[in-house]
Structure formats: C-alpha cells, structure tokens
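> For reference, the sequence and a predicted model appear below.
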Amino acid sequence: MNELKRNQHYNAYVEAKLPKTHFISSLSKAFLVGGIICAFGQLFFDLYSYFFPNLSESEISACMLITIIVITQFLTAIGVYDKIGAFGGAGSVIPITGYANSMCSPALEFKREGIIYGICVKIFTIAGPVIVVGIVGSVIVGLIYFII
C-alpha cells in the first residue's frame, strides 16, 4: 500500500514538472515544415523532368533525392537545419532529410577527434541502427514473401 502511494506521489510530481505542449501548434508547425520540404522535393523533381526529359522517372527521383540530401547536409553543416528542426519538430524528420541530418550531425560533432576515430567511426552512431533495422526487416519480409 505504501508503494502505491509513493507511485502516485511520483506520478503527480512528474506531471507537474513536464513541460506543457501545445498540441495544435506543434502539429501545425510539423505539417508546415514537412510540407515545405516535400514541396521542394516535388519542385526539384519537376525541374529535373523539364531539363532532362530523356531520364526515366526512377532516374529523376534519384537525382531529386541526391539534391535533397546535399541541401540537408549543407544546412546541417552551417547550423540552419537544427533551427528548422527546433521549429518544425517531427516535420523535419521526413525520412530522407532526417536520415541525412542524422549522418551529418555526428560527423560534425566528432571531427575534432580526427578523420578515422572521429568522422568515420561516429558517422553511423545514429544512422547505424536504422541501417540494421532496415536490413533485418527486409530479410524478414523477404522470407515471409518467399514462404507465402
């Protein structure tokens, strides 16, 4: 009984200390930032389609993704993408831009430790588990598809 009372007091304490989130405001900002990033992606796709009409749709998609990745890494390097992330929250973690940011940030943070022990080792700190989960997940889905 004493433990239950202690848990209730602890939960009340945690609830009082948690920052209050503004659900609608956070959702709106995430939607706005994510929408702007996607609109830029569509803009680059359309530009590549216009200027390179001989490319297939998959080649144009690859060019667009590479462009988005390079822009995200550049914005991360100059410190702008962190401000976008602080404003837009989850909207800035659209898979390709969030992944590019998660690869670039540790490399910048640990560059003082040298190329090998800093950049090369730490670049996969956040992105490494994503790669592992992606590979394992694709193997599992492939096995299920093979069995069915």
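Arrived safely. Numbers count the residues shown, from 1 in each chain.

> Counting neighbours, which bits of the helix or strand harbouring Gln42 end up buried?
Here Gln42 sits within helix 23-51, counting by DSSP states H and E. Using 16 or more other CB atoms under 10 Å as the test for burial, helix 23-51 gives 29-30, 33-34, 37, 41, 44-45, 48. Every C-beta, even on glycine, is put in place using the N, C-alpha and C of the backbone.

> Dump those to TSV, plus distance to Arg6 and pLDDT.
What follows is the buried residues of helix 23-51, written out as TSV (distance: CB to CB, whole Å; pLDDT from 0 to 100):
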residue	distance to Arg6	pLDDT
Lys29	38	93
Ala30	37	92
Val33	42	94
Gly34	42	93
Ile37	46	94
Gly41	51	95
Phe44	56	97
Phe45	57	97
Tyr48	61	97
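
> Distance to Ile126 for the residues you listed - can I get that in JSON lines?
Output for the buried residues of helix 23-51, formatted as JSON lines (distance: CB to CB, whole Å):
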{"residue": "Lys29", "distance to Ile126": "23"}
{"residue": "Ala30", "distance to Ile126": "20"}
{"residue": "Val33", "distance to Ile126": "20"}
{"residue": "Gly34", "distance to Ile126": "20"}
{"residue": "Ile37", "distance to Ile126": "19"}
{"residue": "Gly41", "distance to Ile126": "22"}
{"residue": "Phe44", "distance to Ile126": "25"}
{"residue": "Phe45", "distance to Ile126": "27"}
{"residue": "Tyr48", "distance to Ile126": "29"}
